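**Q** The following block contains a protein sequence and its predicted model.
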Amino acid sequence: MPSWRPMTPDDIPGVMHVGDEIHCDLPEAEAVCRERLALFPEGCLVLADDKGAVTGYIISFPIRCGKPPALNELLGAIPADADQYYLHDLAILPCSRGRGAATEGVGRVLGVAGRYPTSCLVSVYGTVGFWARFGFVPKPVDAELEEKLRGYGECATYLTRGEQT
């Protein structure tokens, strides 16, 4: 049965494979993944099968409130004044779904997110209902964030947790 563990640099090829399978319409460069792992390793997990193969991942990190990065954008650094936690990506191959892995993984990163007043994410592929199970709700966005959301696809929705909308 697959289990979550901290991501390492050696996992990046597997993470890229999963991302290419799940997010074929929303590709990100390997450098983006490597940078997020280097900047905030405690927010990066992989789901590995009993042979060690990566079958899923989560990437998350602190940001300034309401300022998630554009898709495929390098961060440069985690802001010293970060006041919100961003769940950038959750991807699980079909072979590892249906066993509660997503719920377990999200629970783990929300434990890290608890250090911040709020959490946020960009829901893609019509997953607003999935994220609602964890307390995320749609939040109105300004023009700058609306422009970033366009890069995440037609159905991208900005969601927050832990504040009034």
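**A** Structure received. In this text the structure is predicted, and so the values were computed from the model without any measurement. Numbers count the residues shown, from 1 in each chain.

**Q** could you show me where the strands are in this protein, in order?
**A** Here the chain has its strands, by DSSP state E, at 3-6, 44-48, 54-63, 84-92, 118-123, 137-138, 157-161.

**Q** Report the strands that pair with the third one, each with its relative direction.
**A** Using DSSP bridges, strand 54-63 pairs in its sheet with strand 44-48 (antiparallel), strand 84-92 (antiparallel).

**Q** could you dump those to JSON lines with distance to M7 and mean neighbour count?
**A** Every residue, glycine included, has its C-beta placed from N, CA and C. JSON lines is the format used below for the strands paired with strand 54-63 (distance: least, CB to CB, whole Å; neighbours: other CB atoms under 10 Å):
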{"stretch": "strand 44-48", "distance to M7": "4", "mean neighbour count": "24"}
{"stretch": "strand 84-92", "distance to M7": "12", "mean neighbour count": "23"}
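
**Q** The ones you listed: which one's closest to P27?
**A** strand 84-92 (11.7 Å; CB to CB).

**Q** coming back round to it: adding distance to A31 and mean pLDDT, write the strands of the chain out as TSV.
**A** Formatted as TSV, the strands of the chain follow (distance: least, CB to CB, whole Å; pLDDT from 0 to 100):
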stretch	distance to A31	mean pLDDT
strand 3-6	20	97
strand 44-48	15	98
strand 54-63	13	98
strand 84-92	14	97
strand 118-123	20	97
strand 137-138	31	96
strand 157-161	25	97
